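A.B. asks: Structure for the following, please:
(2 chains)
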Amino acid sequence: GAVVSQHPSRVICKSGTSVKIECRSLDFQATTMFWYRQFPKQSLMLMATSNEGSKATYEQGVEKDKFLINHASLTLSTLTVTSAHPEDSSFYICSATLTATLEQYFGPGTRLTVT
Amino acid sequence: AQSVSQHNHHVILSEAASLELGCNYSYGGTVNLFWYVQYPGQHLQLLLKYFSGDPLVKGIKGFEAEFIKSKFSFNLRKPSVQWSDTAEYFCAFKAAGNKLTFGGGTRVLVKP
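C.D. replies: Here you go, the predicted model:
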């Protein structure tokens, strides 16, 4: 089946620094990837839609200058949390869409802790 | 605004008991409906989906769901749960475009 990986799985950073999270579709090409944020004991909230070769589409309330998304190839999208603050601590999950079926496959998530 | 509501936040039951998780969505048009499962420490996996046709959909691991259009519901069922079904279950739907809207999730604990 289609596999999506994320790296790193966990990261701790200091307030004010930037952190990059990678999302890769390992055995398929994905023109569209999605980035979600999951708060403890809550559901997934869509942050943005990442389209290969074009700008990401951000959901209302998500700061595009803070959460930089780059989808430079059909197998890789990156999310950079810039000038991270403790309130950015969360579980970030990506998904990649298999073009043939439009089904989304989810990565294992990245737990970000900002101290 | 489109949304998904899951009725139960937590469900505790014993092995062999039957499970039904409620899901209602709010959207006036055509939707695709999904149930995802997240086992402890693992990523989201698709249990089943409904696009069109037979409103009773069978998924993996003995799960099924029924789409009732008049009730805007897509409840998940399993006749006899196992300890390994302990997980968090998310209902989701997709309207126009490819964006998924998730419900709040239901944590299911199956006691051995």
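
A.B. asks: Count the neighbours of residue 111 for me.
C.D. replies: Picking chain A for this. 14 (other C-beta atoms under 10 Å in any protein chain shown). In short, each C-beta sits where N, CA and C put it, glycine included.

A.B. asks: Actually, chain B is the one I wanted.
C.D. replies: 11.

A.B. asks: quick one, what contacts it?
C.D. replies: B:12, B:13, B:14, B:15, B:83 (C-beta atoms under 8 Å, 6 or more residues apart in numbering or on different chains).

A.B. asks: try residue A:33
C.D. replies: So residue A:33 contacts A:23, A:25, A:49, A:50, A:71, A:77, A:94, A:95, A:96, A:97 (C-beta under 8 Å, 6+ apart).

A.B. asks: What helix or strand is the residue most central in space within chain B located in?
C.D. replies: Per C-alpha atoms, centre = their mean, the C-alpha nearest to the average position across chain B is that of residue B:35, at 3.6 Å. Assigned by DSSP states H and E, residue B:35 belongs to strand B:32-38.

A.B. asks: Return the per-residue confidence for residue A:88.
C.D. replies: For residue A:88, the pLDDT comes out at 96.

A.B. asks: so how far is the strand holding residue B:35 from its chain's centroid?
C.D. replies: Strand B:32-38 sits 5 Å away from the centroid of its parent chain (C-alpha atoms, centre = their mean, to the nearest Å).

A.B. asks: How about the next helix or strand after it, which residues are buried there?
C.D. replies: Counting by DSSP H and E, the element after strand B:32-38 in chain order, helix or strand, is strand B:45-50. Under the neighbour-count criterion of 16 or more other C-beta atoms under 10 Å in any protein chain shown, strand B:45-50 has B:46, B:47, B:48, B:49, B:50 buried.

A.B. asks: Neighbouring strands of the following helix or strand past strand B:45-50 in the sheet, and parallel or not?
C.D. replies: Per DSSP H and E, the first helix or strand lying C-terminal to strand B:45-50 is strand B:56-58. For strand B:56-58, the paired strands and their directions (DSSP bridges) are strand B:64-68 (antiparallel).
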